[in-house]
Every structure is written in structure tokens, then in C-alpha cells.
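Colleague: following is a predicted model, sequence given first.
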Amino acid sequence: MKNKVTKAIFPVAGLGTRFLPATKSIPKEIMTLVDRPLIQYAIDEAREAGIREFIFVTAKGKGALEDYFDAAPELEKTLRKKKKTELLQALKATDMDSGAIAYIRQREPLGLGHAVWCARRLIGDEPFAVILPDDVIAAEKSCLSQMVEQYAETRGNIVAAMEVAPHEVSSYGILDPKEDMGKLVSVRDMAEKPDLADAPSNLAVIGRYILEPNVLNRLHDLKRGSGDEIQLTDAIAAEARENGDVYGYRFDGQRYDCGSKIGYLKATIAFGLARDDLRDELSDFLNRTVSTRQAAE
């Protein structure tokens, strides 16, 4: 019996250039979605799925991200003194046990595949998850929890998948389905950011993965692919072609691409409307804004 999935890699070495100038001084991953940074959503999802070891692949300039998970005794003391219990509880949610987080430096920006490969010594011979904090998924049961349950039945490599519009195909890794079983799709091959004319489907890979350690071996031998980077998609595709143990999983939930400005804005509105303490006022504001714009047109 193979091990349970208890380790997760968080590739957070990117420069966040699409959010400049904000990301000149703060890592994109600690930009806030309502009142929690993007990385907190990713951590909370991983915890719910049973992850116990958190591996961050970082780069120079990410010190604020590391500091976010440190204890804040003075702040806690102040909140306790002022009896701000709710804020204290919210702060506690950011605490991580000593030794639970490991930080690995990606010295060169050589792509997602290279970032995952950098964590190989901490993964060893165990299955592991990869979570991209840019992809925030609102779901009753977290996306990774759904995938971990599927992994217990299926084993092999599992990637989160969803259908995308034709004009979006060239922005994603795309699955070549061998057998479509509904929620689960057996994968024949994968293509990284193909032209629409060459795309085998419109079923795109989203930023959640459960992978077998052999993928790390394949990454070690890969040459640079699309974008002159080492692509994780290429390693997983080789597993699909040679071992036939790759599956796409259609998760339940709404995914927001918080790596883009419009996706980030959509997520902010959606998560704000989902909050009891914000819904009414935000909804009124949006309705007034739309009405005003329509009247002006």
C-alpha cells in the first residue's frame, strides 16, 4: 500500500509582474483576497486535505512571505489585552508548527517543472501534492480534499481539470483524453499551451496536482520546453504515454485565476458576496454602480 499524501509543494518564486507596481515590494502570494492573503487560502486547503508538511519553493525578495507564518507575540499580546477574541482567532489560523514549513530557493526562473524538481530531496519516495496559490477554488469540500479521496481509490498521477473556452486553450496545459469516465478522465497525453488548431481537447489542467515521485525523476532529465522553461506538463505527459497512470479530475467548485487582474477582481467580488458581514453592503454598491453606468450609456 502506497503512502498517504501528506506533503505539498507551493511554487511561490514568481515575480508577479502582472501585478506591478504592487509586487515591487510585496510578494504576490500575500496580496489579500478580502482579508486573507492568497497563500492562506492555499494553506487552509492543504490542511483540510490532510497535508502536514509544507514545502515552499521561493526566490530572492520573498522574505515577507516567510515572515507571514512566523509567530507575532507582541500583536497577540495586544489583542488579548484588548479582548479582541475574534481577531486573535483569525491570527492563530496563520500559525504553523515549528518544522512544518520548509523553504527551498529556486535560483533561476526556469519554470514550474524546475520549481517542483527543486523540492525533490524533501519529497523522497512519497506521493505529493502541488498547489499553485494563484488558483483559488471556492468549494464546499476543497479541491485538494476531493483529489486526495480520488487518489485513495485510483492511485497514479491526478491533475485537477476543467473545460475552458476555445480562446483560452493556448494559455493552459491541455489533456488528450483516452477514456472519459465523467468526473475522472484517463489521459493519453498532454500538450502545453497548444494552438487551438492543435489542441487535443479543451480540458485544461488547473493548479492542483497529486503526483507520484517518478515525476521528479522525469523532471531531472527534461530539457526546456514551451517558453524556454522546464514544464511540469511535459513530465506528467511522459508518464501518461509510457505508464498510462495519469488522470484528469473534474472537481466540484468555482476556480478563480488570481494570477490575472480580472480574475483577482472577480474573486474579490465573489468572496465578498459570500460573507455574511459584507454581502448586503457590497451587493447594494454593485447594483448602484451598474445602474449608474447603464444610465450614463
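Modeller: Perfect, I can see it now. All of these numbers come straight from a predicted model, not from anything done at the bench. Residues are numbered from 1 along each chain as shown.
Colleague: show me what counts as buried in the helix or strand encompassing Val290.
Modeller: Take DSSP states H and E as the rule and Val290 turns out to sit in helix 279-296. Neighbour-count burial for helix 279-296 flags no residue at all (criterion: 16 or more other C-beta atoms under 10 Å). For the C-beta atoms, the positions are set from N, CA and C on the backbone; glycine is no exception.
Colleague: can you list contacts of stretch 60-76?
Modeller: 12-13, 26-27, 29-30, 37, 39, 56, 58, 88, 91, 94-96, 101, 103, 105 (C-beta atoms under 8 Å, 6 or more residues apart in numbering).
Colleague: circling back: run the chain-centre distance for the helix holding Val290.
Modeller: Relative to the chain's own centre, helix 279-296 is displaced by 31 Å; criterion: C-alpha atoms, centre = their mean, to the nearest Å.
Colleague: before we move on, back to that, and the buried ones among the contacts of stretch 60-76, selectable in PyMOL?
Modeller: Listed next is the PyMOL selection for buried residues among these, using 16+ other C-beta under 10 Å:
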select buried, resi 12+13+26+27+29+30+37+39+56+58+88+94+101
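Colleague: tell me which of the contacts of stretch 60-76 fall in strands.
Modeller: In this view, the contacts of stretch 60-76 that belong to strands under DSSP state E are Pro37, Phe56, Thr58, Ile101, Tyr103, Arg105.
Colleague: could I get those residues as JSON lines with pLDDT?
Modeller: As requested, these are arranged in JSON lines below (pLDDT from 0 to 100):
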{"residue": "Pro37", "pLDDT": "93"}
{"residue": "Phe56", "pLDDT": "94"}
{"residue": "Thr58", "pLDDT": "90"}
{"residue": "Ile101", "pLDDT": "88"}
{"residue": "Tyr103", "pLDDT": "90"}
{"residue": "Arg105", "pLDDT": "90"}
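Colleague: which among the residues you listed gets closest to Asp252?
Modeller: Pro37 (24.6 Å; C-beta to C-beta).
Colleague: just to revisit the earlier point, for the helix holding Val290, packing partners?
Modeller: Judged by 3 or more C-beta pairs under 8 Å, 6 or more residues apart in numbering; DSSP states H and E, helix 279-296 is in contact with helix 261-273.
Colleague: now do the buried residues in the helix it packs on.
Modeller: Going by neighbour count (16+ other C-beta under 10 Å), the buried part of helix 261-273 is Gly263, Tyr264, Ala267, Thr268, Phe271, Gly272.
Colleague: ok so, going back, mind listing residues that contact the helix holding Val290?
Modeller: With C-beta under 8 Å, 6+ apart as the test, helix 279-296 has contacts from Ile269, Gly272, Leu273.
Colleague: one step back: what is the most widely separated pair among the buried residues of helix 261-273?
Modeller: The most widely separated members of the buried residues of helix 261-273, counting by C-beta to C-beta, are Gly263 and Gly272 (14.7 Å).
Colleague: quick one: low-confidence parts of the stretch 101-250 of the chain?
Modeller: For the stretch 101-250 of the chain, applying pLDDT under 70 flags the ranges 222, 224-228.
Colleague: okay, strands next: where are they in it?
Modeller: Applying DSSP state E, counting those that start in this stretch to the stretch 101-250 of the chain gives strands spanning 101-105, 128-131, 135-138, 157-163, 173-180, 184-192, 203-211, 246-250.
Colleague: which of those sits most buried?
Modeller: Compared across the strands of the stretch 101-250 of the chain, strand 128-131 shows the largest average neighbour count, a mean of 26 (mean count of other C-beta atoms under 10 Å).
Colleague: enumerate every residue touching Arg80.
Modeller: Contacts of Arg80 (C-beta under 8 Å, 6+ apart): Leu88.
Colleague: check the model's average confidence along the host helix or strand of it for me.
Modeller: Arg80 belongs to helix 73-81 when assigned by DSSP H and E. For helix 73-81, mean pLDDT rounds to 83.
Colleague: dump that helix to CSV, restricted to CA.
Modeller: Extracted in CSV, the C-alpha atoms of helix 73-81 (Å, rounded to 0.1, in the frame of the first residue of the first chain):
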residue,chain,number,x,y,z
PRO,A,73,3.8,37.5,20.2
GLU,A,74,3.5,41.3,20.6
LEU,A,75,0.5,41.6,18.4
GLU,A,76,-1.2,38.6,20.1
LYS,A,77,-0.5,40.2,23.5
THR,A,78,-2.1,43.4,22.4
LEU,A,79,-5.2,41.7,21.0
ARG,A,80,-5.5,39.6,24.2
LYS,A,81,-5.2,42.7,26.3
